[in-house]
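Visitor: fold the following.
(2 chains)
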Amino acid sequence: MRKEEAKIKSKAVFVLVAFLLSVFSVAAVAGQAVPPQPVLHLGAIVVGLEAGVAAQAAPLPPPVPIPGAVEHAVNGNYTKLQISPKHEYFQIKPGDEEEFTVKVKNKEEETVSASPRIEIPPYGEYFLEENWITVEPDSAEVKADEEKEFTVKVKIPEDAEIGHYSAQVLFSNDTIPTPYPAPFPMYVNAFKFSMEVWTPPKILIQPQYIHDRIEAGQSHEYKIQLENKGDNAIAINPEIDGGRLHCIGPDCPSEIPADWISIKAPSKVGALSKETVKVTVNVPADAKGMYDGSINLNIDDPSIERWNQEVRMHIKVWKKPTTPYREDFTVKQGEKIRVEIIARQHAYDRYGGAEEREEPSFDVALTTREGGKLKPEPSKTVKKGEVSLGMEYLPPWETSSEGMYHVMRTEYSETYEITNATGGVWTLDILPKNAESFEYTIEIGE
Amino acid sequence: MISAKKIVAVVVVAAGGVYLVLTATKPAPDLDSDLSTTVEFSGTELDEKTERSILSVVSAEMMSYKGVKYDRVNIAATENGEDYDLTVVCFSDKCEYPDVYDFTYYDASEQLVQTGYVLEAIPQTDRAEAISVALQNEEAANLLRANGLESVTPTVRRVLPETAEKFYVPKTLLSVTWTLFGENPAVVSVLVDPDEGKVVNVWRNSGVENEGGGRNEW
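Guide: As a prediction, this is how the structure comes out:
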């Protein structure tokens, strides 16, 4: 999430800068004032980028070329060094060190003097300090077609802030020529790296996802266990965190109304101890459908990113049917009726809610106008399962269980039979219990 | 032919594994309940000598998770020529799921060969902690979101040191795996070192790639 946000922000900054520069260029050339309300343009651009429609959302005015810049770019008038790798990304803890070997190959026909220097981009979440990075050797003469290796060491201080950083090591001062003034120089011969400084979270959260089915008018309590593995107490302040639904369309879940949820939680989790946050969801009797929401635990631990402090909730509200499903069918005198009703459950459909669910079952009645209502007992109940030997589902460290049985799907069915039925119209009533869906088959005759 | 016979064995927990020492062919209520394990044979009916031999070799092969004692063991035998295929299911009152071992027992040589295992007899707290550690790994969390696996209940299985060595170091690890069945199954598995509380490997079969790389396909 942070990476994506950072990427979107970077894009937004880039487009914004390009836009503003274009505006300034136009203003300068035309001798006019800068157009008012640039903030509004910023909003339009950022929103457009997030929706993936930047171009349509904010058409940019045509840039005004800088005389000579285009020719400069076309001619490629800069030192040709082949840098490998050009980019690196890594995660690192405060106090740790990371080292890279960067190969610089001179593609010029004459010796190039390479004196690497550090450039910290003036944007980004956090700023690296130059003294965190060392490059060896600090200069080198690279002959034509020769390759030199530079060692880049990044040492993170113990007190560095948790977050994303970036920097580049420049092997020449050449910049990519642009036909318009660039806000920051874009260096040609650079090794760029970005990193996430992180620490293992001190608090463990379980579960982080509540997926349940609740009957309308009922309530369920969920327990979220927090375990502090650190040496100091950590403050928490769990609260309902809704309003961040990104789903658009008729099938999207609704947001769990705040007044459905009540939270009981301590204000802190003591050192090396556990606490429980109790979340009660009270579903009103008139509710229906799918609901999403989240609980932000507001843990005072900078090592846990914002989205990792959330317990996401997905609640399916359902009404237990009180009237049976009804189907009429016609039978000739003396024929046999066979009704089969099936409820299926995929392994992944099982709810991770507060309690184990009961197996499905059905209340079935068969009625004729002449013969009245029959409440037959099933002549047969069948429980079926689909079982895999795990071949395509197993991670490499679980191949020891290959060839053993893994349940993928279960199926429960009841069969009802009436022999020598009275001719006429019959009505089948099915009232499902603990089944969200079912299939039925009515067979008439032998 | 199906038969079921109960045997109570004394469990000696040793560094090398769990040893069931056969003491009686009927439940012995006077045994110290902390030490007793009820062993039940089912499937092909075996003579007492074979049962004792199987129990002896099987017990040496079973190794429970730290702090877990097997309370009930079911040994289901199926005749396979002159030998027996055995499925051994070990239950602990402390754990929701059992450990399951598959063996082939060679009757003539009285030797046992393990053919597979699914080890899920893990205390709830350890299980929950492994899931929590796995979920707090950024790569894994991104893969779960990208593949719509967030709402799937994961399996937590023990990975024995001989297997763990290939992926990390030779020690007991826990594999936390989310599986979405179907025509194009999506599986994300996270290998967790329970002692260190850290993720040592992340794997996915296919499905949606984690944006920003960091994937590990096999």
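
Visitor: hey, let's count contacts and neighbours off CA atoms from now on
Guide: Fine.

Visitor: quick one: low-confidence ranges for chain B?
Guide: Residue ranges of chain B with pLDDT under 70: B:1-35, B:182-183, B:206-218.

Visitor: residue numbers of it in contact with chain A?
Guide: B:102, B:115-118, B:128-129, B:131-133, B:135-136, B:142, B:150-153, B:159, B:163-164, B:167, B:175, B:177, B:179-181, B:185-189, B:203-205, B:218 (Cα under 8 Å from any Cα of the partner chain).

Visitor: for PyMOL, what selects the buried ones among these?
Guide: To isolate the buried subset of those in PyMOL, counting by 16 or more other Cα atoms under 10 Å in any protein chain shown, use the following:
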select buried, chain B and resi 102+115+116+117+118+128+129+131+132+133+135+136+142+150+151+152+153+159+163+164+175+177+179+180+181+186+187+188+189+203+204+205
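
Visitor: now, the residues of chain B next to chain A that are in strands?
Guide: B:102, B:115-118, B:159, B:175, B:177, B:179-180, B:186-189, B:203-204 (DSSP state E).

Visitor: show the subsequent helix or strand relative to the strand or helix carrying B:Glu40.
Guide: Applying DSSP states H and E as the criterion places B:Glu40 in strand B:36-43. Counting by DSSP H and E, the element after strand B:36-43 in chain order, helix or strand, is helix B:48-61.

Visitor: following that following helix, which helix or strand shows up next?
Guide: Once helix B:48-61 ends, the next helix or strand along the chain (criterion: DSSP H and E) is strand B:72-80.

Visitor: by how many degrees do that following strand and strand B:36-43 diverge?
Guide: 20 degrees (axes from the mean of the first three to the mean of the last three Cα atoms, to 10 degrees).

Visitor: quick one: residues in contact with strand B:72-80.
Guide: Strand B:72-80 has contacts (Cα atoms under 8 Å, 6 or more residues apart in numbering or on different chains) with B:37-45, B:84-92.

Visitor: buried residues of it, list them for me.
Guide: Buried, per 16+ other Cα under 10 Å, within strand B:72-80: B:72-78.

Visitor: okay, now the domains of the chain?
Guide: Just going to use chain A. What the record gives for chain A is the domain set A:1-64, A:66-199, A:203-318, A:325-444, from automatic domain parsing.

Visitor: other chain: chain B
Guide: B:5-119, B:124-204.

Visitor: please work out which of these is packed deepest.
Guide: Across these, averaging neighbours per residue (mean count of other Cα atoms under 10 Å in any protein chain shown) puts domain B:124-204 on top, at a mean of 20.

Visitor: start and end of it, how far apart?
Guide: 25 Å (Cα to Cα, to the nearest Å).

Visitor: out of the domains of chain A, which is closest to B:Gln124?
Guide: Proximity to B:Gln124 (Cα to Cα) singles out domain A:203-318 among the domains of chain A, at 11.0 Å.

Visitor: measure the closest one end to end?
Guide: 34 Å.

Visitor: tell me the mean pLDDT over it?
Guide: The pLDDT scores in domain A:203-318 average 85.

Visitor: check stretch A:117-130 too.
Guide: Mean predicted lDDT for stretch A:117-130 stands at 86.

Visitor: so which bits of that stretch are buried?
Guide: A:117-120, A:124, A:126-128.

Visitor: closest one of these to A:Pro201?
Guide: A:Tyr126 (19.7 Å).

Visitor: so the closest one makes contact with A:Ala167?
Guide: No - look at A:Tyr126 against A:Ala167 with Cα atoms under 8 Å: they stay out of range, at 10.5 Å.
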